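Participant: Sequence below, structure please.
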Amino acid sequence: MKTTIKLFSLTFIILAIWLSGCTHPQAPTSSPKPNPEIVAPTSSTMTEPYSNKISDDRMLLVLSAPSVHNSYYKPAFQLIVDFQIRYANTILDNDNVVIIVDEDTKPYYEALPEDILITAEVYDIWMRDFTTVNPLNPIQFTYTWASMTKQESREVQNSYMSIADRYGIQRVTTDLLIDGGNIVDNYAGKIITTTRFMEDNDLSYEEAVETLANLLDADEVAILKPDEEVLAHSDGMVSWIDEDLLLVNDYSSDPEFRALIMDELHKAFPTTTIIEVPVAYMTNPPGEWEGFESACGINLNSTVTFKNIYLPVFNMPHDQTAVGIIQENTTKNVITINAEAACPMGGSVRCLTWQLTGANAEKLILAAREK
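Facilitator: A predicted model of the protein is given here:
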């Protein structure tokens, strides 16, 4: 009996070994498809961190690349690209950044991480003006046509809106006319604009104050006489660097104008500390960016986030004094950005930047990662 069991066991083992080495002649040669819901991350996903870090203490700063096909920006195309690359690299060390760039222009941005680029096209680079104001409670005004035709302004804003809608950017919209560069606020109920807002919307001073206070949930509103009449933006005049600390250009070379500005600011913000900062003005050579005042020398056109101030400088004599004053009056990091490439066109660091926070910021950060 034991001999029979041993013989059966030996036969079974030999048969099992033989079968294990065989392939069914009709068996499929390809592997079965993996479950699409269970995809193991690649080694690069596991070991390489994302460029942007989603965090409540970081703001997202969004830039729009000039298209390689845009004839208007062609004379300064490479200068703008190089500036945006430097600006983006600086932001990445401190906040988050996304650049929106069209397919044909994207190769010029190869120096930047792929996961901060969204392939799309916005028709202009001055993102501040036609996007949203106040990243904590975003509101989209109607873009004016101070710098272009009415049709062009609509096309520019529509190009941004298509992206905002595609990615579900939450915002309130209004038909009131104003460029984002003409709203400077502390994100805590204090707003500054210029009389251009009154003119564009046919409002009296009192009506304009009430309208902005209600729409932006503001307690205090100042309406300044602009220091230039082309764009008439307030963000070339003032900058909030804290809830109760306001910087203003030093207009002492024009005592009458300075008195108008300071009187309005003190009346609107009686408990705010107001500090004057030196400013210098440059004039573009004839034929260069005609129709716009140069923004070279205006340090206050800065992008202010929770912890950082991205401050434009211009290799001008007053830069060091301006930077020193600002550093002495804030606990935020003051990060200088050379803006000589952009400022002749009439704008600077803040003008080029759209700011987002919270869920809106996360949506664009993830869109850049997951494309």
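
Participant: quick check, residue 108 in a strand?
Facilitator: No. Counting by DSSP: H, G, I helix; E, B strand; the rest coil, residue 108 is located in no strand; its state is helix.

Participant: what's the distance between it and residue 85?
Facilitator: 9 Å (Cβ to Cβ, to the nearest Å). Where you see a C-beta, it was placed from the backbone N, CA and C, and this is true even at glycine.

Participant: ok, which stretches of the stretch 1-150 of the chain are helices?
Facilitator: For the stretch 1-150 of the chain, the helices defined by DSSP state H, counting those that start in this stretch occupy 2-20, 43-47, 77-92, 127-130, 150-166.

Participant: Next: the stretch 201-350 of the chain.
Facilitator: Going by DSSP H, counting those that start in this stretch, the stretch 201-350 of the chain shows helices at 205-215, 255-268, 319-328.

Participant: Including mean neighbour count and distance to residue 156, could those helices go into JSON lines?
Facilitator: What follows is those, written out as JSON lines (neighbours: other Cβ atoms under 10 Å; distance: least, Cβ to Cβ, whole Å):
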{"stretch": "helix 205-215", "mean neighbour count": "15", "distance to residue 156": "22"}
{"stretch": "helix 255-268", "mean neighbour count": "14", "distance to residue 156": "30"}
{"stretch": "helix 319-328", "mean neighbour count": "16", "distance to residue 156": "31"}
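
Participant: right, so of the ones you listed, which gets closest to residue 125?
Facilitator: helix 319-328 (23.5 Å; Cβ to Cβ).

Participant: Next, format the helices of the stretch 201-350 of the chain as CSV and append mean pLDDT and distance to residue 98.
Facilitator: Below are the helices of the stretch 201-350 of the chain laid out as CSV (pLDDT from 0 to 100; distance: least, Cβ to Cβ, whole Å):
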stretch, mean pLDDT, distance to residue 98
helix 205-215, 98, 27
helix 255-268, 98, 34
helix 319-328, 98, 26
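
Participant: List the single closest residue to residue 333 in space, sequence neighbours excluded.
Facilitator: Nearest non-adjacent residue to residue 333, counting by Cβ to Cβ, 6 or more residues apart in numbering: residue 308, 4.7 Å away.

Participant: That neighbour: neighbouring residues, count only.
Facilitator: 22 (other Cβ atoms under 10 Å).

Participant: correct me, but it touches residue 335?
Facilitator: Yes. Between residue 308 and residue 335 there is a contact under Cβ atoms under 8 Å: 5.7 Å.

Participant: Please enumerate the shared neighbours of these two.
Facilitator: residue 94 (Cβ atoms under 8 Å, 6 or more residues apart in numbering).

Participant: what about the strands in the stretch 101-250 of the chain?
Facilitator: Remark: strands assigned in the stretch 101-250 of the chain by DSSP state E, counting those that start in this stretch are 117-119, 139-142, 172-177, 184-185, 190-194, 220-224, 238-242, 245-249.

Participant: who wins for proximity to residue 275 among these?
Facilitator: With Cβ to Cβ, the closest approach to residue 275 among these belongs to strand 245-249: 5.5 Å.

Participant: In terms of secondary structure, what does that closest one contact?
Facilitator: The contact analysis (3 or more Cβ pairs under 8 Å, 6 or more residues apart in numbering; DSSP states H and E) places strand 245-249 against strand 238-242, helix 255-268, strand 273-277.

Participant: Tell me how far the second one lies from the chain's centre.
Facilitator: Right, the one you point to is helix 255-268. 31 Å (Cα atoms, centre = their mean, to the nearest Å).

Participant: do the same with stretch 138-153
Facilitator: With Cα atoms, centre = their mean, you get 18 Å for stretch 138-153.

Participant: Equivalent analysis for stretch 90-109, please.
Facilitator: 10 Å.

Participant: Name the residues of that stretch that come out as buried.
Facilitator: By 16 or more other Cβ atoms under 10 Å, the buried positions in stretch 90-109 come out as 90-92, 94-102, 105-106, 108-109.

Participant: Tell me which two of those residues sit farthest apart.
Facilitator: 94 and 102 (27.0 Å).

Participant: contacting residues around the closest residue to residue 53 other than its chain neighbours?
Facilitator: Spatially, and ignoring its direct neighbours in sequence, residue 53 is nearest to residue 96 (6.8 Å; Cβ to Cβ, 6+ apart). Residues near residue 96 by Cβ under 8 Å, 6+ apart: 52, 53, 54, 58, 59, 60, 61, 361, 365.

Participant: same thing with residue 170?
Facilitator: With contact set as Cβ under 8 Å, 6+ apart, residue 170 has these partners: 138, 359, 360.

Participant: Endpoints of stretch 110-119, how far apart?
Facilitator: 13 Å (Cα to Cα, to the nearest Å).

Participant: from the middle of its chain, how far away would that stretch be?
Facilitator: 15 Å.

Participant: for the record, mean pLDDT for it?
Facilitator: Here stretch 110-119 scores 98 as its mean pLDDT.

Participant: which residues sit against it?
Facilitator: 50-52, 85, 88-89, 92, 97-103, 106, 109, 163, 364, 367-369, 371.

Participant: How about stretch 148-159?
Facilitator: Under Cβ under 8 Å, 6+ apart, the answer for stretch 148-159 is 121, 122, 123, 124, 130, 142, 143, 144, 145.

Participant: If anything else comes up later, I'll come back, but that's it for now.
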